[in-house]
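[1] Here's a sequence, model it:
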Amino acid sequence: MSKAKAPGINHPSIAPYGVYAAGDGTALLIAVQNEREWVSLRDRILGGLADARFDDNPGRVAHRADLDAAIATGFSRYDGPGLRRALDEAGIAYGSLNDVAGLAAHPHLARFTVGSPSGPITLPRPPARSSGETLDYGPVPGLDEQGERLRAEFA
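    A predicted model of the protein is given here:
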């Protein structure tokens with residue numbers, strides 16, 4: 001499996017840092033920003049990849065294409081959920097790369113419907129919620145529907 005396509009996401013002076021695909025095509029962005037993370041990735045996910053060119057970050061940057069190929073091979077042994085678990089266990093920072101459909105379906109971007117003078121509308125849920133919270137904000141008020149109350153409150 002080759003490196004997932006995501007132009008412009010690689011970091012110019014840190015490697016590995018970019019989008020790579022699991023064996024099932026799931027694209028994940030990894031950001032290895034120190035030697036502890038590199039050793040963990042190398043030993044726990046890439047099977048102890050032994051290549052002196054990758055021993056430090058300048059070497060990894062200089063040989064990025066070969067490093068990317070080695071990571072693609074290592075990641076191809078996992079499906080998306082398995083790779084996420086392995087990265088979590090290894091303490092490697094990562095994120096999902098979503099297409100528009102994936103972004104629209106992301107639970108942090110869920111929407112809810114409220115009434116309005118023009119009919120029902122959907123709004124993004126508030127970003128901070130308590131576990132088990134039920135959203136019940138009532139309808140959007142009409143123009144100046146609550147004006148008198150608001151003017152009194154801020155008088």
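[2] Strands of the protein, residue ranges please.
    All strands of the chain, identified by DSSP state E, fall at 17-21, 27-31, 94-96, 111-114, 121-124.
[3] so which of these gets nearest His63?
    His63 lies closest to strand 17-21 among the strands of the chain, at 14.1 Å (CB to CB). (Glycine included, C-beta is placed from N, CA and C.)
[4] In terms of secondary structure, what does the closest one contact?
    The contact analysis (3 or more CB pairs under 8 Å, 6 or more residues apart in numbering; DSSP states H and E) places strand 17-21 against strand 27-31, helix 64-75.
[5] What strands flank the first one, and is each parallel or antiparallel?
    So the one you mean is strand 27-31. Each strand that pairs with strand 27-31, with its direction, by DSSP bridges: strand 17-21 (antiparallel), strand 94-96 (antiparallel).
[6] Pick the most deeply packed of these.
    For the strands paired with strand 27-31, the stretch with the most neighbours on average is strand 17-21, a mean of 22; neighbours defined as mean count of other CB atoms under 10 Å.
[7] Domains in this protein, by residue range?
    With domains defined by automatic domain parsing, the chain comprises 17-97, 107-153.
[8] before we move on, the earlier item: nearest to Ala86, out of the helices and strands packed on strand 17-21?
    Taking CB to CB as the criterion, helix 64-75 is the member of the helices and strands packed on strand 17-21 that comes nearest to Ala86, at 9.2 Å.
[9] Show me the contact partners of the one helix or strand in the chain whose mean pLDDT sits lowest.
    Within the chain, judged by mean pLDDT, DSSP states H and E, the helix or strand with the poorest mean is helix 100-105; its value is a mean of 85. Applying CB atoms under 8 Å, 6 or more residues apart in numbering, the external contacts of helix 100-105 come out as 96, 109.
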